[in-house]
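A.B. asks: Sequence and predicted structure are below.
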Amino acid sequence: MAILRVLSALVWAVVFLVLFLFALKNTDPVTVRFYFDQEWRAPLMLVALAAFAAGAVFGMIACIPAFMRRHREIAGLKKELRLRPAAHAAVERLGSPGDAPTGT
């Protein structure tokens with residue numbers, strides 16, 4: 001288990017180092033132009049990081065309807081589970097449908 005932790009930490013350190021060196025190589029200023037002649041000057045890596053962060057935020061916002069649907073479904077299933085023992089006891093008191101006389 002300890003070997004797995006060390007290996008995981010080593011992999012994360014390598015990923016951090018690669019991204020850090022990538023950021024150092026991309027410090028040239030770039031201009032991002034918006035509408036109405038607005039512009040933003042920043043280092044390329046900052047612009048890339050901002051684009052990544054914006055994509056992550058929009059992706060999370062896009063997942064909200066699915067999360068809400070699942071939440072409502074889980075709440076309904078929990079309610080059904082709470083009601084099921086009472087319904088099952090009532091059926092046992094009255095007898096199962098197969099116990100009814102057939103009339104022949």
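C.D. replies: Looks like it came in fine.
A.B. asks: Can you give the distance of the longest helix along the chain from its chain's centre?
C.D. replies: For the chain, the helix that runs over the most residues, judged by DSSP state H, is helix 44-94. Averaging C-alpha positions (Cα atoms, centre = their mean, to the nearest Å) puts helix 44-94 10 Å from its chain's average.
A.B. asks: and it, what does it pack onto?
C.D. replies: strand 29-33 (3 or more Cβ pairs under 8 Å, 6 or more residues apart in numbering; DSSP states H and E). C-betas here are computed from N, CA, C, even on glycine.
A.B. asks: The lowest-mean-pLDDT helix or strand in the chain to strand 29-33, inter-axis angle?
C.D. replies: Within the chain, no helix or strand scores below helix 44-94, which has a mean of 86 by mean pLDDT, DSSP states H and E. Using axes from the mean of the first three to the mean of the last three Cα atoms, to 10 degrees, the direction of helix 44-94 lies 60 degrees away from that of strand 29-33.
A.B. asks: SS state for Trp12?
C.D. replies: Secondary structure, DSSP: H, G, I helix; E, B strand; the rest coil: Trp12 is helix.
A.B. asks: Give me the distance between it and Phe22.
C.D. replies: Trp12 is 15 Å from Phe22, where distance means Cβ to Cβ, to the nearest Å.
A.B. asks: Please apply the same query to Gly55.
C.D. replies: 18 Å.
A.B. asks: same deal with Val11?
C.D. replies: Going from Val11 to Phe22 by Cβ to Cβ gives 17 Å.
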